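Participant: what's the 3D shape of this:
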Amino acid sequence: MIGPLLYLSGLTEDVLIALVHGISGVHPDAVTFPEGGGSTDLEFAIPRVPGMDEVVVDVAQLRVLAETPELELSTYQVTDAPDGGSLLDLGAESRLRRVVVDPPAAATTALASLHLVVRAAPKRVPGPPVFADPPFPLDSKMYAPALGGLTVSTTGDGRQLSFPAAGAAGAAWLLQYATGTEATNLTPRTDRFAVRRVTVNAAATDVSLVIRGASTEDPGIPLWDHPGAFLPEAGEQEINFTPLAQKHLTAALTGSASPTLAIPLRLSSASGGAVRVVARTLVAWYLVRPLGPAPVSVRIGGDWTRLDLRAPTARRPGGSTLRLRLRHAGRELNGSRRPPLDPPRSGVRVGDQRLVAVATPVTGAVALASVRVLVAVGEAAEAVLELHADAAGAPGAPIAAPVVRQLAAPPAGSPPEPAWLEFELPNPVQVAGTIWAVLRTNRGRVHWFTEAGPAEVARVSVDSGASWGVVDDLLVDPGEPLVQLFHAVSTPDPPTVELFLAGSPAGAIALGPVAEGSREFLSTDAAVPASVLAALGAATGTGGEATSTTPLVLFCRAVGDLVVEELTLSYHPFATVGG
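Facilitator: Below is the predicted model of the structure:
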C-alpha cells in the first residue's frame, strides 16, 4: 500500500494515474530553489475514489528539514577594502564553500611568512581572522593548527579557496594577504583580489508554505514560515494543517474528476537553497452513507424489513459505524417461526359468506395484543378477525370481540400485492395452548395467503361458522394460511436485530436499554458484520456505474420503530479495488 502523494503541480493525467497506482515515483524528496529564490507549487493528495460521499482527515502533516546544496553565485559583489584586500559580499547569509581568485603577483608570493587570510565581515565591518593558509601550528599536538580549515589549490582559472564541507556561515568576507609568524601578530597587505567564481552551500531564507489561493492575486493561507536563513541546525520542522486539509479535500471531492484529491501547496524562499520533505502524513478516510445522509426510520417486528445499501462497486469497506435505536411498541412476535422470505403465491379466498380459520399454537401463557394475517385485496373491503378457542379441532367459543379493518382498493391498474394486515385487540387477552384465528369480511373479498404446511390446520365455513370443513384442494394448494400472534410485554427484554443477505444469516446486532426499565434500546459499539462488508465489496454495478445496491434484510421479534441513526462505511484511499 502506497502512502500519501506529494508531487509537483501540472502533471498530466496519465502521470497522475501511474502515480496513484504506484507505477511512477515522482515524489520530490527536496525542493531546490535557484539563486534569488522563488516558489514551487506542490500537490499533497490521496487517490480519488469514485462513489464516495465524504472525506475525513485525521492527520495532515509535513516534516521538513533545511538543506544547503552547493550553488555557484552570480550576484556576489567584490569591492576594495579600505585597509587592503577585497571585500566579498554574498548578498545574504550563506555558507561559503569555494572561492576562485587570481593568483597573487610573483613578488607577493615570494614574501616570507605570507598567509592568505579570510575574515568575517558582518555589515561590511571586518572581524578577526577566521581562516589562514597556511595555518599556524601550535606547540601542543593535542590542538589543531590555529586558523586552520582552509585549503588552497591551483585550478585552471586561478587559486581555489576551499572551506570546510559544512561551509563558513556569513554574508560578507574580507580576503587579505598578510605576513607574520603568529596568528595574533599579522600585518595585512594591500593586495586586491580578482574573484572569478564563488560557490556557497546555499541556505534558503524567509521560507514559507501556504495553501495556494484560487488566483495569482490570492496570497493563500499561511501554514508555516521560517524567517531568516533556514539552516540544517534548525532541525526538522513539523507543519500540521489537519483542519485546513479537511476543508480543502472536502471541497475537492465535488470538484473536477482528477485522478487525485489534492491540497494545493506553495513552498517559497527568498534565496537559493533547498528544503527536504523528510516525512509526509495524510491520514484520511473516505466515507459512504449507504442509506443517505439523514437517519432512516422503519417499522420492524415479525416481518422482513429491507434496506437497500448503496455503496461503491467492487470495493470492500475497511470499516464501518452502525448505530441503531429501537422504540419498543410493547409487543413481540409469539413463537419462533419466521414468515417466508419470498411472498407466497397461493392462498384461499375470504368473503362475507366464506369464513376461513386457522389453528394457531400459542407459546406459553401470554396476553395476546394483536394478530396479523398476510392478505391481498383487489377491491375495497371490510375485513373482520375473530378469535376462538379450540373445540375438538375446530373453532369453538369466541375469546375476544371481533376486530374490524377497512381496506382500500389498490391503485387502478396495479395487481393485488400481499401485505401483513394487523388487528390490534382493544385490550390484551390471556391465551394459552391453541387458538383459532377466523377471518371474514362484511363486504368485499380478500385473498389470504398460505405457505406449505399441514392443510388440516385450516378450516372453511360457508354458513357463518355453524359448521367447518377442510379447505377445498381444488381451489388452493394444501397449506396453512399465514398468521402471526403478538403478545404484550410490559418490561421488554433487550431485542436483537438479525441481518440477512440473499436469504442467509449475515449477523446480528444486540441492543441494550437506554435506561433501566426503558422501552427504548440502543446498539453500543456496533459495526456492520464482516459478511455484509464482504458482500458490498463483491457487488458489481451495471454499465460502469460507480455504485451498486445490495439489499440487506432485517428481522426482529420485537415490534417497534427502528431508527438507523448512523450507518457509515469507511474506505482507505489507497486500498485496491475489490480489497
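
Participant: first to last residue in stretch 144-159, what's the distance?
Facilitator: End-to-end span of stretch 144-159 (Cα to Cα, to the nearest Å): 24 Å.

Participant: in that stretch, what's buried?
Facilitator: Judged by neighbour count (16 or more other Cβ atoms under 10 Å), stretch 144-159 contains these buried residues: 147-150, 158-159. Yep, even glycine has a C-beta here, placed from its N, CA and C like the rest.

Participant: contact partners of that stretch?
Facilitator: Outside stretch 144-159, the residues that touch it by Cβ atoms under 8 Å, 6 or more residues apart in numbering are 100-103, 116-118, 129-133, 135-138, 160-164, 183, 194, 196-197.

Participant: if we go to 7 Å?
Facilitator: Stretch 144-159 has contacts (Cβ atoms under 7 Å, 6 or more residues apart in numbering) with 100-103, 116, 118, 129-133, 135-138, 160-164, 183, 196.

Participant: what do you get for stretch 249-258?
Facilitator: So stretch 249-258 is contacted by 16, 48, 52, 55, 57, 261-263, 284 (Cβ under 7 Å, 6+ apart).

Participant: picking that back up, helices - which of the buried residues of stretch 144-159 land there?
Facilitator: Among the buried residues of stretch 144-159, no member is found in helices (DSSP state H).

Participant: any chance of TSV for the residues you listed, columns distance to residue 179?
Facilitator: Compiled in TSV, those are given as follows (distance: Cβ to Cβ, whole Å):
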residue	distance to residue 179
147	14
148	18
149	20
150	17
158	22
159	18
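
Participant: looking at those, which gets the smallest pLDDT?
Facilitator: Among these, residue 158 has the lowest pLDDT, at 90.

Participant: SS state for the closest residue to residue 248 other than its chain neighbours?
Facilitator: Leaving aside its sequence neighbours, residue 248 sits nearest to residue 263 (Cβ to Cβ, 6 or more residues apart in numbering; 4.9 Å). Three-state secondary structure (criterion: DSSP: H, G, I helix; E, B strand; the rest coil) places residue 263 in strand.

Participant: mark which of the contacts of stretch 144-159 are buried, thanks.
Facilitator: 100-101, 116, 118, 129-133, 135-136, 160-163, 183.

Participant: so which of these are in strands?
Facilitator: 100-101, 116, 118, 129-133, 160-162 (DSSP state E).

Participant: now, the most widely separated pair of those?
Facilitator: With Cβ to Cβ as the measure, no two of these lie farther apart than 100 and 129, at 20.6 Å.

Participant: list the contacts of residue 525.
Facilitator: Contact analysis of residue 525 by Cβ under 7 Å, 6+ apart lists nothing.

Participant: pull the CA coordinates from the one helix or strand residue 32 maps to and hand them back as CSV.
Facilitator: In the assignment (DSSP states H and E), residue 32 maps to strand 30-33. Written as CSV, here are the backbone C-alpha positions of strand 30-33 (Å, rounded to 0.1, in the frame of the first residue of the first chain):
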residue,chain,number,x,y,z
ALA,A,30,13.6,18.0,-1.9
VAL,A,31,12.6,21.3,-3.4
THR,A,32,15.6,23.2,-4.6
PHE,A,33,15.4,27.0,-5.2
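
Participant: which elements pack onto it?
Facilitator: Here strand 30-33 touches strand 273-288, going by 3 or more Cβ pairs under 7 Å, 6 or more residues apart in numbering; DSSP states H and E.

Participant: quick check: what element follows the strand it packs on along the chain?
Facilitator: Per DSSP H and E, the first helix or strand lying C-terminal to strand 273-288 is strand 296-300.

Participant: tilt between the following helix or strand past that next one and strand 273-288?
Facilitator: As assigned by DSSP H and E, the chain's next helix or strand after strand 296-300 is strand 305-312. Angle between the axes of strand 305-312 and strand 273-288 is 160 degrees (criterion: axes from the mean of the first three to the mean of the last three Cα atoms, to 10 degrees).

Participant: against which helices or strands is strand 305-312 packed?
Facilitator: Other elements packing on strand 305-312 under the criterion 3+ Cβ pairs under 7 Å, 6+ apart are strand 547-555.

Participant: if you set the cut-off to 8 Å instead, what comes out?
Facilitator: Applying 3 or more Cβ pairs under 8 Å, 6 or more residues apart in numbering; DSSP states H and E, we find strand 305-312 packed against strand 273-288, strand 296-300, helix 530-538, strand 547-555, strand 558-571.

Participant: out of those, which comes closest to residue 440?
Facilitator: Across the helices and strands packed on strand 305-312, closest to residue 440 is strand 558-571 (Cβ to Cβ), at 25.1 Å.

Participant: average pLDDT across that closest one?
Facilitator: 96.

Participant: where along the stretch 151-300 of the chain do the helices fall?
Facilitator: In the stretch 151-300 of the chain, the helices defined using DSSP state H, counting those that start in this stretch lie at 242-253.

Participant: now the contacts of stretch 249-258 as TSV including neighbour count and pLDDT?
Facilitator: Listed next are the contacts of stretch 249-258 as TSV, based on neighbours: other Cβ atoms under 10 Å; pLDDT from 0 to 100:
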residue	neighbour count	pLDDT
16	22	89
48	21	91
52	22	93
55	23	96
57	21	96
261	25	93
262	22	94
263	25	96
284	21	94
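
Participant: circling back: what about the buried residues of stretch 144-159, which are in strands?
Facilitator: 158-159.

Participant: if we can go back for a sec, in a markdown table: the contacts of stretch 249-258, plus distance to residue 174.
Facilitator: Shown next, in a markdown table, are the contacts of stretch 249-258 (distance: Cβ to Cβ, whole Å):
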| residue | distance to residue 174 |
| --- | --- |
| 16 | 52 |
| 48 | 58 |
| 52 | 63 |
| 55 | 58 |
| 57 | 53 |
| 261 | 55 |
| 262 | 49 |
| 263 | 47 |
| 284 | 54 |
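
Participant: need the helices and strands packed on strand 305-312 in a markdown table (columns: distance to residue 9).
Facilitator: Output for the helices and strands packed on strand 305-312, formatted as a markdown table (distance: least, Cβ to Cβ, whole Å):
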| stretch | distance to residue 9 |
| --- | --- |
| strand 273-288 | 15 |
| strand 296-300 | 42 |
| helix 530-538 | 34 |
| strand 547-555 | 31 |
| strand 558-571 | 26 |
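
Participant: which residue ranges form the strands in the stretch 401-550 of the chain?
Facilitator: Assigned by DSSP state E, counting those that start in this stretch, the stretch 401-550 of the chain shows strands spanning 403-407, 419-431, 434-443, 446-451, 458-461, 469-470, 480-481, 483-488, 496-501, 504-513, 520-523, 547-555.

Participant: for stretch 264-278, measure first residue to last.
Facilitator: So stretch 264-278: terminal residues 19 Å apart, Cα to Cα.

Participant: shaky segments in the stretch 401-550 of the chain?
Facilitator: Applying pLDDT under 70 to the stretch 401-550 of the chain flags the ranges 453-456, 472-478, 543.

Participant: need phi/psi at residue 216.
Facilitator: With angles defined as degrees, to the nearest 10, residue 216 sits at phi -70, psi -30.

Participant: now it: how far from residue 39?
Facilitator: For residue 216, the distance to residue 39 equals 11 Å [Cβ to Cβ, to the nearest Å].

Participant: what of residue 482?
Facilitator: To residue 39, residue 482 is 74 Å away according to Cβ to Cβ.

Participant: and residue 169, what are its bridge partners?
Facilitator: Following DSSP bridges, residue 169 is listed with bridge partners residue 95.

Participant: who's in contact with it?
Facilitator: Residue 169 makes contact with 93-96, 231, according to Cβ under 8 Å, 6+ apart.

Participant: adding neighbour count and distance to residue 552, write those residues out as CSV.
Facilitator: Below are the contacts of residue 169 laid out as CSV (neighbours: other Cβ atoms under 10 Å; distance: Cβ to Cβ, whole Å):
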residue, neighbour count, distance to residue 552
93, 17, 65
94, 28, 66
95, 24, 65
96, 27, 71
231, 21, 59
